[in-house]
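Novice: Fold the stuff below for me.
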Amino acid sequence: MNNNFSILFYSKDKNLRICIQDYFKKTTFSLNVFEEETTAFQNFQSGKFNICLIDYIPEDNKVQQLAIMIKSSEKTIPVIFLCDHPSREDIS
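Specialist: Here you go, the predicted structure:
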């Protein structure tokens, strides 16, 4: 694996951040974790990231704004949204 592969990960969910960090400790990827949108975007602008993982919350417009700002400043970096899939019981 490439040691220079750097990932920006944004999530407000502490448990998800811990799970993702634990997983990536076992790889050679460089993971940068953020819980604030402004901090994530500032670091995105100053660093070189190969991919962005964003924990998507439909009710939070700031998450959508973060993705829009990232894509408008750098069109070649993929942005992947992580989102909960409702269980069958949750679908009406």
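
Novice: Where does the prediction get shaky in the chain?
Specialist: Along the chain, segments meeting pLDDT under 70 span 1-3, 85-92.

Novice: Please enumerate the strands of the chain.
Specialist: Along the chain, the segments classed as strands by DSSP state E run 6-10, 30-34, 51-55, 79-82.

Novice: what packs against the third one?
Specialist: Going back to what we said before, that points to strand 51-55. strand 6-10, helix 61-73, strand 79-82 (3 or more CB pairs under 8 Å, 6 or more residues apart in numbering; DSSP states H and E). Just so you know, the C-beta spots here come from the backbone N, C-alpha and C atoms, and that holds for glycine as well.

Novice: Describe which strands it pairs with in its sheet and in which direction.
Specialist: strand 6-10 (parallel), strand 79-82 (parallel) (DSSP bridges).

Novice: could you check the angle helix 61-73 makes with it?
Specialist: 170 degrees (axes from the mean of the first three to the mean of the last three CA atoms, to 10 degrees).

Novice: so how far is strand 51-55 off the chain centroid?
Specialist: How far strand 51-55 lies from its chain's middle: 2 Å, per CA atoms, centre = their mean, to the nearest Å.

Novice: Could you list the buried residues of it?
Specialist: Buried residues in strand 51-55, defined by neighbour count with 16 or more other CB atoms under 10 Å: 52-55.
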